[in-house]
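Novice: Sequence and computational prediction follow.
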Amino acid sequence: MQLLVVEDDNSIAEPLLDGLKREGFDTFRVETGEAALAADPVDLVLLDLGLPDMDGKDVCRALRDRSDVPIIVVTARGDEIDRVVLLELGADDYIVKPFGFRELVARIRAVHRRSSGNSGSEDAEQRLGELVIDRRARHVSVGGRQIMLTPKEFDLLTLLAEDPGAVRTREEIMDEVWDPHWYGPTKTLDVHMASLRKKLGDPAWIITIRGVGFRLDVPA
Ligand code: CA
């Protein structure tokens, strides 16, 4: 999926682009409204409303006038923006800064899925042994029994499930499930991981690599 990120703030754009590329998105960035309007067609636009040269709302309207590309608007907290304004602008969804990276990726996938008229059924469900993860419905079951996860636990599980068997470091997990640039203590990660493990019913689902991170494994 080709993604255009319209964002003038380097401190937001740089980690965001790194993350989106890691997620496999073909991502490029422009810093102004003018450049956004001059860019080649893409599959989805992530549009910051606070741009240096133009009102982001005008950029959104202009993009919408020329194509039906899905648009996710990024607003700063406190911006007066509501659903009605968004519809008038032609945006498909919006996200408020500061936002969690996993939440953004979930929105991108959801908006893209809706716009492509794809039910998503072929990639919505992931099966790993007894574990079934339905990202679209945010449902998880083990051995046919649905388990209730908190949003953070769900994000943790889906992150580990993206590449079963691969170790995700504590830093990566904090970055992606909590906030980019998390400098605080990471004990909260252990607390959520312990709870997730308990809900999965078998501690062997999540292997701790001491001092490094975690990986998801199908228990033998
Ligand atoms: Ca901005």
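Specialist: Structure received.
Novice: Assumed residue 91 was part of a helix.
Specialist: No - under DSSP: H, G, I helix; E, B strand; the rest coil, residue 91 falls outside any helix and is assigned coil.
Novice: Would you confirm that it contacts residue 63?
Specialist: No - look at residue 91 against residue 63 with Cβ atoms under 8 Å: they stay out of range, at 9.3 Å. The way it works is simple: take the backbone N, C-alpha and C, and place the C-beta from them, glycine included.
Novice: can you list residues touching both of the two?
Specialist: 47, 71 (Cβ atoms under 8 Å, 6 or more residues apart in numbering).
Novice: Compare neighbour counts for the two and give me the winner.
Specialist: Set residue 91 next to residue 63 and count neighbours by other Cβ atoms under 10 Å: residue 91 wins out with 26 against 23.
Novice: how far away is the more buried one from residue 55?
Specialist: Distance, residue 91 to residue 55, by Cβ to Cβ, to the nearest Å: 14 Å.
Novice: go on, residue 167?
Specialist: Distance, residue 167 to residue 55, by Cβ to Cβ: 45 Å.
Novice: who's more crowded, those two?
Specialist: Per other Cβ under 10 Å, whichever of residue 167 and residue 55 has more neighbours is residue 167, with 15 against 12.
Novice: Any idea how many residues pack against the residue of the chain found nearest the ion?
Specialist: At 3.6 Å from the ion, residue 50 is the closest residue in the chain, using Cβ to the ion. For residue 50, the neighbour count with other Cβ under 10 Å is 14.
Novice: how about the residues of the protein near the ion?
Specialist: Contact residues, the chain versus the ion (Cβ under 5 Å from the ion): 8-9, 48, 50.
Novice: So which of those residues is the closest to residue 68?
Specialist: Using Cβ to Cβ, residue 48 is the member of the residues of the chain next to the ion that lies nearest residue 68, at 20.6 Å.
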